[in-house]
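*Asks:* Show me how the following folds:
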Amino acid sequence: MGKKQRDDKKRAAARRAARQKAPKPSKVTWPVAAKLVKDYTDNELRAVAMHPVVTGLGCRPRVVSDEDWVVSAERVAVQEYADLTEFFVDFIRLLKSTAHLWVGYIENAKLGEYPPSRTSEKIPLPTSAFPGERGADARKWNAAMVEAVVFNPIYAGVPPFPPMIAMHRWAETIAVQVGNCGLRQALVNMLHALKITYGFPGGPAPLQPFGYNLGELPGEGGEEDAGEEWKDA
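*Replies:* Numbering: from 1, shown residues only. This next block holds a predicted model:
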């Protein structure tokens, strides 16, 4: 066995060992609706700061600008997590555990005004593209279309989509991508993928993600009950 084969074998063994390690406890817990913000635990504050639903997702209205959410989630990832993989694992856990609160598309909902941005940080545009968007190729796959799949959290099993990749493996993949594009760009691409996949009030209908054929997303709630609790979170 040559040196390259031995090195490859060691790396494969290391990857297997890493996958077999017990997952670390989650650092996020979504607060119950009746709980006052002043009584939130650190885990609950962290969850609110990194959940993208406040930007308008599924059946929930937008109360925070995309720019402010990106900066908020980035701050949590950098300051609260020593390992970005664990941040992305908790991101998936958060989406899964709260899916019953936001998954569902409301037809004919009013878009409403875009929330004023409170950050002066420069936020990039998505580098990913879905079919029909600028940057997508109608004839063949290109890099932007591949990124639209890679950065979409639904492939890790966010309801109603069954997982096509283990949650930890998806998180590891995104952590690697951060090394190529930067954390801020990764968050922008993830948010873009979620909004295209689930829709948002007043926006276009959700787009069926590549690899799935589940029909329409189930409707949940309605415009009249579309999440007052999110405004205070």
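*Asks:* low pLDDT regions in the protein?
*Replies:* 1, 4, 12-23, 214-233 (pLDDT under 70).
*Asks:* just the helices in it please.
*Replies:* 3-20, 42-50, 66-80, 84-97, 99-102, 143-150, 167-181, 183-198, 228-232 (DSSP state H).
*Asks:* pretty sure Ala166 is touching Ala156, no?
*Replies:* Yes - assessed by C-beta atoms under 8 Å, Ala166 is found in contact with Ala156 at 7.4 Å. Where C-beta positions appear, they are placed from N, C-alpha and C, glycine not excepted.
*Asks:* Of these two, give the one with the bigger neighbour count.
*Replies:* Shown here are Ala166 and Ala156; by other C-beta atoms under 10 Å, Ala156 has more neighbours (25 against 12).
*Asks:* Quick one: closest of the helices of the chain to Arg118.
*Replies:* Checking the helices of the chain against Arg118 by C-beta to C-beta gives helix 66-80 as the closest, at 5.5 Å.
*Asks:* what comes into contact with that closest one?
*Replies:* The contact list for helix 66-80, computed with C-beta atoms under 8 Å, 6 or more residues apart in numbering, reads 27, 46, 49-50, 52, 54-55, 64, 84, 87, 115, 117-119, 121, 123, 183-184, 187-188, 191.
*Asks:* list the buried ones in it?
*Replies:* Using 16 or more other C-beta atoms under 10 Å as the test for burial, helix 66-80 gives Asp66, Glu67, Asp68, Trp69, Val70, Val71, Ser72, Ala73, Glu74, Val76, Ala77, Glu80.
*Asks:* and if you look at stretch 36-44?
*Replies:* Tyr40, Asn43, Glu44.
*Asks:* thought the last one was touching Lys27?
*Replies:* No - counting by C-beta under 8 Å, Lys27 is not a contact partner of Glu44; they are 10.5 Å apart.
*Asks:* CSV for the helices of the chain, including distance to Arg60?
*Replies:* CSV is the format used below for the helices of the chain (distance: least, C-beta to C-beta, whole Å):
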stretch, distance to Arg60
helix 3-20, 34
helix 42-50, 13
helix 66-80, 13
helix 84-97, 12
helix 99-102, 5
helix 143-150, 22
helix 167-181, 23
helix 183-198, 10
helix 228-232, 6
